[in-house]
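Asker: have a look at this fold, sequence not included:
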């Protein structure tokens, strides 16, 4: 017997309450059984996104929400900035270019973030830039970009939208959509929201909606105007992903019971404990600045393959973490502390890491990382 | 207490075995726990689609699969035929036009089908027509189009693809993808496959794949070539809808245990019994020819609103059927017998219908429709 522990940055564990809510008999998406559930989930998302605007609910992965964010507000040839600090920054560029936008990348080295002032310098020279795209948490590096600071900058420019991929940051980070001037924010179900994959969420500011009519791109499945019209009737444009939305409603209720402030504090503490544990083991963090509260990227010790650590964690101890992606592959491995995560998920991860490293012949004092994490996790 | 019965043409009831399989703890989509499940579901779909080609698994509603079918094989300006016999025929036209195709509609009156010879006549005069789009079952009218006959016609034309929306027909009808020359066939999870909404399936013939490279349309989320490359590794291009694919695998196993021939026979019998029940009550069928084995559309008696029948079924007896859509609204109501459906679902529907009609003051001999259905359902 080997018990399984899911510590990957998505999909993340789904609470039993949510799993059971989704195991109830199927109901019809346009019938009165379901409509109040969608309405409740809709209102819950506004609370979670900290916005007065509606948050669309799409039947797709998070990437579908990103595609819609490009496809509904711009036109081919529009100049945009993409803040590219990793694999998901690259994805913004790929999507924007696929739809014919002219992308100017502001590149951060993997493990680093960008200074809002650098973005300001570019925007101030070219008022025709239509948007700034960024990840809140760049999942591939574990870096959190300064969304508040970037929001302040972009807000100064009337014609520039601020578009945030919050897929892996939502729930783990205090993202103040309205207060910080986030025009479009994309979330996904299988991260902080503790749900299976299959839903994307998109909040849209009034400033962004004003650009929708002028956007003449082809769109059918991700047609945000039609989604909004349906959402106003507590429906979705096409068949609602009924079970996932039932689960969404349950997950939001759990978060509401905990309270937003406590949710953010919990994630912050878990992230700090994970970082302290890794450091006490003698390992470096891959995020050289602004480490995220969703996922911690840890550098493999010299001479040990990061993928081997990831693989041994899973095969020997049943712990599914994540390896490195693209250029970070082999160099790092990653632990998430996201969504349905608590003290003993962190302890499990750090303890397993110590045992794996010892097994691989690395010089580790067992329990040292765990103790450092415990210090922070003491209630 | 009111027990609920779901007799709508999607979402349809999900078997408890499938619900429970989806309530198991979350696993990671790129890890060895999940990959054999996706492989098994992939092979099961080939069996169900009766094809040697791979069947893509997309995280979207069925409409997403339809959009991909247009978006991956054509170019703006391409001439195509859409067989339009109802709301979903209209959807093919809307999608094709949204992507700039030039649509020639072959219109069937609602409740009727088209003759393959009529399509042949058009194709023989214009070899530049790139595709024929059709629904296998037009859900809004309950008509089954002659897919075998249309396939024979389209097969004669080297440059013409045969594209079938089988979203509501799959599982209920014997659709021989390879044998009949169906180039692209789209399915959805929440119909015959007995799953929650959230997955689309698309089979693609070699003839269709040859057109993929020449199709220069913008696509990112529904990029079939990338999906195929990932499917070859038993993965999906973006995060797999893990729980739904686990459920898919279970649902296919149930269908495999029953056997394809028996599955089709069951649906045929249920549909015949439903039609016999309606006729014995004295009601007309809305499908004037080729009624489908998925869903039966029944005309409301003179002087009674079809929507009122639909609403009373649900509110008074807990039976969720479907009303009429668009121009059929008020005139008809619909019972599905699709997926996880058996003898007593039909009996329940017909018995409830008799009781609703009686309650609305219509002259009904209680039990007469039930008896007619029973005659056919006798094992």
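Answerer: Looks like it came in fine. Quick caveat, the model's predicted, so the values are computed rather than measured. Numbers count the residues shown, from 1 in each chain, chains lettered A, B, ... in the order given.
Asker: ok and the residue in the stretch 251-379 of chain A nearest chain B?
Answerer: residue A:320 (5.0 Å; Cβ to the nearest Cβ). Any C-beta I mention is one placed from the backbone N, CA and C, and that applies to glycine too.
Asker: that residue against residue A:10, yeah?
Answerer: No - between residue A:320 and residue A:10 there is no contact under Cβ atoms under 8 Å: 11.3 Å.
Asker: those two: which has the busier surroundings?
Answerer: residue A:10 (27 against 22; other Cβ atoms under 10 Å in any protein chain shown).
Asker: secondary structure class for the more buried one?
Answerer: Following DSSP: H, G, I helix; E, B strand; the rest coil, residue A:10 is assigned to coil.
Asker: any idea how far it is from chain B?
Answerer: Going from residue A:10 to chain B by Cβ to the nearest Cβ, to the nearest Å gives 7 Å.
Asker: then residue A:41?
Answerer: Applying Cβ to the nearest Cβ to residue A:41 and chain B gives a distance of 15 Å.
Asker: in the helix or strand containing that residue, what counts as buried?
Answerer: Per DSSP states H and E, residue A:41 falls inside helix A:35-49. The neighbour-count check on helix A:35-49 (16 or more other Cβ atoms under 10 Å in any protein chain shown) flags A:35, A:37, A:38, A:40, A:41, A:42, A:44, A:45, A:46, A:48, A:49 as buried.
Asker: quick one, helices of chain A?
Answerer: A:16-22, A:35-49, A:62-71, A:87-98, A:116-125, A:147-155, A:177-180, A:206-212, A:224-231, A:242-258, A:260-281, A:306-317, A:343-359, A:368-377 (DSSP state H).
Asker: mean pLDDT for these - can I get that in CSV?
Answerer: As requested, the helices of chain A are exported to CSV (pLDDT from 0 to 100):
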stretch, mean pLDDT
helix A:16-22, 97
helix A:35-49, 98
helix A:62-71, 98
helix A:87-98, 98
helix A:116-125, 98
helix A:147-155, 98
helix A:177-180, 98
helix A:206-212, 97
helix A:224-231, 98
helix A:242-258, 98
helix A:260-281, 98
helix A:306-317, 97
helix A:343-359, 98
helix A:368-377, 98
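Asker: buried deepest among these, which one?
Answerer: Most buried of these by mean neighbour count (mean count of other Cβ atoms under 10 Å in any protein chain shown) is helix A:62-71; its value is a mean of 27.
Asker: so residue A:120 makes contact with residue A:153?
Answerer: Yes - if you go by Cβ under 8 Å, residue A:120 and residue A:153 touch, sitting 4.5 Å apart.
Asker: and the helix holding residue A:41, what other elements does it pack with?
Answerer: strand A:55-59, strand A:199-204, helix A:242-258 (3 or more Cβ pairs under 8 Å, 6 or more residues apart in numbering or on different chains; DSSP states H and E).
Asker: tilt between that helix and helix A:242-258?
Answerer: Helix A:35-49 and helix A:242-258 are oriented at 50 degrees to each other (axes from the mean of the first three to the mean of the last three Cα atoms, to 10 degrees).
Asker: can you list contacts of helix A:35-49?
Answerer: A:52-55, A:57, A:170-171, A:175, A:177, A:185, A:187, A:193, A:201, A:203, A:231, A:234-236, A:240, A:245-246, A:248-249, A:252-253, A:255-256, A:260 (Cβ atoms under 8 Å, 6 or more residues apart in numbering or on different chains).
Asker: what's the neighbour count on residue A:303?
Answerer: Neighbour tally, residue A:303, other Cβ under 10 Å: 8.
Asker: residue A:236: neighbouring residues, count only.
Answerer: Neighbours of residue A:236 using other Cβ under 10 Å come to 23.
Asker: my error: substitute residue A:214 in the last question.
Answerer: Neighbours of residue A:214 (other Cβ under 10 Å): 9.
Asker: excluding sequence neighbours, find me the nearest residue to it.
Answerer: Distance criterion Cβ to Cβ, 6 or more residues apart in numbering or on different chains; nearest residue to residue A:214, sequence neighbours excluded, is residue A:75 at 7.2 Å.
Asker: wait, doesn't the one you found sit right on residue A:217?
Answerer: Yes - with contact defined as Cβ under 8 Å, residue A:75 reaches residue A:217; the gap is 6.6 Å.
Asker: what sits against the residue of the stretch 251-379 of chain A closest to chain B?
Answerer: A:4, A:5, A:6, A:7, A:8, A:313, A:314, B:27, B:28, B:31, B:33.
Asker: run through the bridge partners of residue A:296.
Answerer: Applying DSSP bridges to residue A:296 yields these beta-bridge partners: residue A:335.
Asker: can I assume it is in contact with residue A:334?
Answerer: Yes - counting by Cβ under 8 Å, residue A:296 touches residue A:334, with 6.6 Å between them.
Asker: now do the shared contacts for these two.
Answerer: In contact with both residue A:296 and residue A:334: residue A:142, using Cβ under 8 Å, 6+ apart.
Asker: out of those two, which sits in the busier spot?
Answerer: residue A:296 (30 against 26).
Asker: pLDDT score assigned to the more buried one?
Answerer: For residue A:296, the pLDDT comes out at 98.
Asker: now do the contacts for it.
Answerer: Applying Cβ under 8 Å, 6+ apart, the residues near residue A:296 are A:142, A:271, A:274, A:275, A:278, A:285, A:287, A:334, A:335, A:336, A:337.
Asker: how many residues are close by the last one?
Answerer: Other residues near residue A:337 number 29, with proximity taken as other Cβ under 10 Å.
Asker: so how far is residue A:368 from the nearest residue to it once chain neighbours are set aside?
Answerer: Closest residue to residue A:337 in three dimensions, ignoring its sequence neighbours and counting by Cβ to Cβ, 6+ apart: residue A:270, at 3.7 Å. For residue A:270, the distance to residue A:368 equals 19 Å [Cβ to Cβ, to the nearest Å].
Asker: same deal with residue A:133?
Answerer: 41 Å.
Asker: residue A:147 contacts residue A:136, doesn't it?
Answerer: Yes - under the criterion of Cβ under 8 Å, residue A:147 is in contact with residue A:136, at a separation of 5.3 Å.
Asker: shared neighbours of these two, anything?
Answerer: A:164, A:173, A:175.
Asker: just the residues you listed now: which is nearest chain B?
Answerer: residue A:164 (18.6 Å).
Asker: what is the neighbour count of the closest one?
Answerer: For residue A:164, using other Cβ under 10 Å, the count is 28.
Asker: what about it, distance to residue A:205?
Answerer: From residue A:164 to residue A:205 the distance is 11 Å (Cβ to Cβ).
Asker: and if you look at residue A:339?
Answerer: 26 Å.
Asker: now the end-to-end length of stretch A:24-33.
Answerer: Chord length of stretch A:24-33, first to last residue, is 12 Å (Cα to Cα, to the nearest Å).
Asker: what's the mean pLDDT across it?
Answerer: Mean predicted confidence for stretch A:24-33 is 94.
Asker: what residues does it touch?
Answerer: Counting by Cβ under 8 Å, 6+ apart, A:34, A:235-236, A:239-240, A:242-243, A:246, B:4, B:6, B:8, B:11-14, B:19, B:190, B:196-197, B:314, B:320 sit against stretch A:24-33.
Asker: cool, thanks, signing off.
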